[in-house]
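[1] turn this into a model:
(4 chains)
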Number of protein chains: 2
Amino acid sequence: MAVAAVKNAAGTAGKSSRRTATREERRQQLIAATIKCIAKKGIGSTTLGDVAQEAGLSQGIVNLHFASKENLFNETLQFIAEDYKSQFDTTLAKAAPEASAKLLALMEMDLKPSVCDRQKLAVWFAFWGEVKSVPTYQKICEAYDRGYDDAINELCQTIIEQGKYGNITAQTVTDALSSMTDGLWLSYLVSPRGFDRDVAMDAVYSYLRAVFPDHYE
Amino acid sequence: MAVAAVKNAAGTAGKSSRRTATREERRQQLIAATIKCIAKKGIGSTTLGDVAQEAGLSQGIVNLHFASKENLFNETLQFIAEDYKSQFDTTLAKAAPEASAKLLALMEMDLKPSVCDRQKLAVWFAFWGEVKSVPTYQKICEAYDRGYDDAINELCQTIIEQGKYGNITAQTVTDALSSMTDGLWLSYLVSPRGFDRDVAMDAVYSYLRAVFPDHYE
DNA sequence: AATATGAATGAATACTCATTCATTTTGTGG
DNA sequence: CCACAAAATGAATGAGTATTCATTCATATT
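    Residues are numbered from 1 along each chain as shown, chains lettered A, B, ... in the order given. Take a look at the predicted model:
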């Protein structure tokens, strides 16, 4: 059968056209295909056949590499969480050393196209939509969230001490900022036409300026 | 069969014990059962059998009253959207006439137990999780969102004019506030242990005080 | 070249679930 | 009390899908 080559062309990871890839390459390829499928068809309508087809591979391939659909989905969530975390960490490391600069950089990151992308957001919300009924999803999301919360909280704490801002706690600001980006993502998902990155960033910025006037003017 | 009585006891709508209800009563009962099922099992794992069982009725009952599962789900979303809207409208009407009081009342409403309830939030997020892939869900969500946005925007506009607040637009504040409640809901869904209504309300209040100092002190 | 290894295939299996419909039950107006 | 219409049942159907596995194929090793 010379069909293999044709099928490979449709594959998600166009890397090598070798018929056999390493275990890890295939797993990554299948996770990428899963993300595409979930964004396109939703988590409920994504079948293993869809994923295999998107990857340009055969029916049984997912079970071969992930043993079960449940496993594939868990690892997919883990993957997008890890992907976000790496952007978060990089942003934190690359921003100017002042806490206020780092905080602003993180907020901007949440709204830049590589993060605030309708395809990616659809996948996040697909998993969040099952958080209540799938304990594994909740645990993964909760663990990562905790990390961001701690990091942002620490930055806010520093800023508050620097500016001698009374009347406000770091946790309050952290909650406000974190929830704001999640909510802005939802508004983009629900009303893509009415969404504008700059306007969204204004919302965040308006808060920063208002609570930390000495730092953001 | 005397089983009917037993089954009815398990039903969601314990209203009349009549075996046959009016068309509208049954539809409401089935929608209520759907909400319970989605909150418990997730939207992807909720079967028509589950819904029928939750309602204490028979297998084919949903198709009898809603023709299809798709229909049932659409009407369920419509129902929770209408339910939220009625709370929104009531809150708006009952609050003191000043724009600032109305705005605060709306924000408090979003966090009060009858709205910010993990069961209800799970259903909202379940539908939001499919917004990208199910156009009907998007249209319904978008239409309602538009309404809240307009109402809140108008209040903010009034407040801005009253306080002569320069440097900020009504839309910016509207975006910030709306997204904040959505995000706080998500944090409750993902981390129920770490969530506290008062702390969440502090986040909202901190923003209001910061941008509209003359109104919220 | 011959053989061994494990990746990949895809048809077959077992099962779930939305939908249908023949039958039964229930309420109502004559 | 009867007959009719409406409501409800639940077994049967069939489409769809996760999973299995015997077989094929590509690559590495001898």
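[2] contacts, neighbours, all on C-alpha from now
    Fine.
[3] how about low-confidence regions in chain A?
    A:1-19 (pLDDT under 70).
[4] just the helices in it please.
    A:3-9, A:23-41, A:48-55, A:61-66, A:69-94, A:99-111, A:118-128, A:135-163, A:170-190, A:197-211 (DSSP state H).
[5] make a markdown table out of these and add distance to DNA strand D and mean neighbour count.
    Shown next, in a markdown table, are these (distance: least, C-alpha to the nearest atom of the strand, whole Å; neighbours: other C-alpha atoms under 10 Å in any protein chain shown):
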| stretch | distance to DNA strand D | mean neighbour count |
| --- | --- | --- |
| helix A:3-9 | 7 | 13 |
| helix A:23-41 | 10 | 20 |
| helix A:48-55 | 4 | 21 |
| helix A:61-66 | 5 | 16 |
| helix A:69-94 | 4 | 16 |
| helix A:99-111 | 32 | 19 |
| helix A:118-128 | 15 | 23 |
| helix A:135-163 | 16 | 16 |
| helix A:170-190 | 24 | 24 |
| helix A:197-211 | 36 | 20 |
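[6] quick one: closest of those to residue B:53.
    helix A:135-163 (23.5 Å; C-alpha to C-alpha).
[7] and that closest one, what does it pack onto?
    Judged by 3 or more C-alpha pairs under 8 Å, 6 or more residues apart in numbering or on different chains; DSSP states H and E, helix A:135-163 is in contact with helix A:69-94, helix A:99-111, helix A:118-128, helix A:170-190, helix B:170-190.
[8] so which of those gets nearest residue A:145?
    helix B:170-190 (8.6 Å).
[9] which elements pack onto that closest one?
    Checking 3+ C-alpha pairs under 8 Å, 6+ apart, helix B:170-190 ends up next to helix A:135-163, helix A:170-190, helix A:197-211, helix B:99-111, helix B:118-128, helix B:135-163, helix B:197-211.
[10] one more time with 7 Å
    helix A:135-163, helix A:170-190, helix A:197-211, helix B:118-128, helix B:135-163 (3 or more C-alpha pairs under 7 Å, 6 or more residues apart in numbering or on different chains; DSSP states H and E).
[11] contacts for the second one, please.
    The contact list for helix A:170-190, computed with C-alpha atoms under 7 Å, 6 or more residues apart in numbering or on different chains, reads A:110, A:116, A:118, A:121-122, A:149, A:152-153, A:156-157, A:195, A:200, B:131-132, B:138, B:141-142, B:176, B:179-180, B:182-184, B:199, B:202-204.
[12] likewise the third one?
    Contact with helix A:197-211 is made by A:111, A:184, A:216-217, B:172-173, B:175-176, B:207, B:210-211, as judged by C-alpha under 7 Å, 6+ apart.
[13] next to DNA strand C, which bits of chain A? Give me the list.
    A:4, A:19-23, A:26, A:56-61, A:64 (C-alpha under 7 Å from any atom of the strand).
[14] any idea how far DNA strand C is from residue A:195?
    34 Å (C-alpha to the nearest atom of the strand, to the nearest Å).
[15] also residue A:84?
    From residue A:84 over to DNA strand C (counting by C-alpha to the nearest atom of the strand), the distance is 27 Å.
[16] ok, residue A:204 next?
    41 Å.
[17] kindly report the same for residue A:156.
    Here the distance between residue A:156 and DNA strand C works out to 46 Å (C-alpha to the nearest atom of the strand).
[18] OK, contacts around that residue?
    By C-alpha under 7 Å, 6+ apart, residue A:156 lies in contact with residue A:170.
[19] okay if I get the helices and strands packed on helix A:135-163 as CSV plus distance to residue A:163?
    Below are the helices and strands packed on helix A:135-163 laid out as CSV (distance: least, C-alpha to C-alpha, whole Å):
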stretch, distance to residue A:163
helix A:69-94, 21
helix A:99-111, 11
helix A:118-128, 35
helix A:170-190, 12
helix B:170-190, 23
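[20] nearest to residue B:74, of those helices?
    helix A:170-190 (15.7 Å).
[21] pull up the residues of chain A that are close to chain B.
    A:40-42, A:44, A:122, A:125-126, A:128-133, A:138, A:141-142, A:172-173, A:175-176, A:179-180, A:182-184, A:189-191, A:199, A:202-204, A:207, A:210-211 (C-alpha under 7 Å from any C-alpha of the partner chain).
[22] let's see 6 Å
    A:40-42, A:44, A:125-126, A:129-130, A:133, A:138, A:142, A:172, A:176, A:179-180, A:182-184, A:190-191, A:203, A:210-211 (C-alpha under 6 Å from any C-alpha of the partner chain).
[23] what distance do you get for residue A:69 to chain B?
    Between residue A:69 and chain B the computed distance is 14 Å (C-alpha to the nearest C-alpha, to the nearest Å).
[24] picking that back up, distance to residue A:161 for the contacts of helix A:197-211 - can I get that in a markdown table?
    Shown next, in a markdown table, are the contacts of helix A:197-211 (distance: C-alpha to C-alpha, whole Å):
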| residue | distance to residue A:161 |
| --- | --- |
| A:111 | 27 |
| A:184 | 28 |
| A:216 | 15 |
| A:217 | 18 |
| B:172 | 28 |
| B:173 | 26 |
| B:175 | 29 |
| B:176 | 25 |
| B:207 | 19 |
| B:210 | 18 |
| B:211 | 21 |
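[25] which of the residues you listed sits closest to residue A:78?
    So of these, ranked by how close each gets to residue A:78 (C-alpha to C-alpha), first place is residue A:111, at 21.2 Å.
[26] which residue is nearest the centroid of chain A?
    residue A:84 (4.6 Å; C-alpha atoms, centre = their mean).
[27] on that earlier part again, closest to DNA strand C among the contacts of helix A:197-211?
    Of all these, DNA strand C sits closest to residue A:184, with 31.9 Å by C-alpha to the nearest atom of the strand.
[28] returning to what we had before: could you dump the residues of chain A next to DNA strand C to JSON lines with distance to residue B:31?
    Output for the residues of chain A next to DNA strand C, formatted as JSON lines (distance: C-alpha to C-alpha, whole Å):
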{"residue": "A:4", "distance to residue B:31": "48"}
{"residue": "A:19", "distance to residue B:31": "50"}
{"residue": "A:20", "distance to residue B:31": "50"}
{"residue": "A:21", "distance to residue B:31": "49"}
{"residue": "A:22", "distance to residue B:31": "49"}
{"residue": "A:23", "distance to residue B:31": "46"}
{"residue": "A:26", "distance to residue B:31": "43"}
{"residue": "A:56", "distance to residue B:31": "40"}
{"residue": "A:57", "distance to residue B:31": "41"}
{"residue": "A:58", "distance to residue B:31": "40"}
{"residue": "A:59", "distance to residue B:31": "37"}
{"residue": "A:60", "distance to residue B:31": "38"}
{"residue": "A:61", "distance to residue B:31": "39"}
{"residue": "A:64", "distance to residue B:31": "40"}
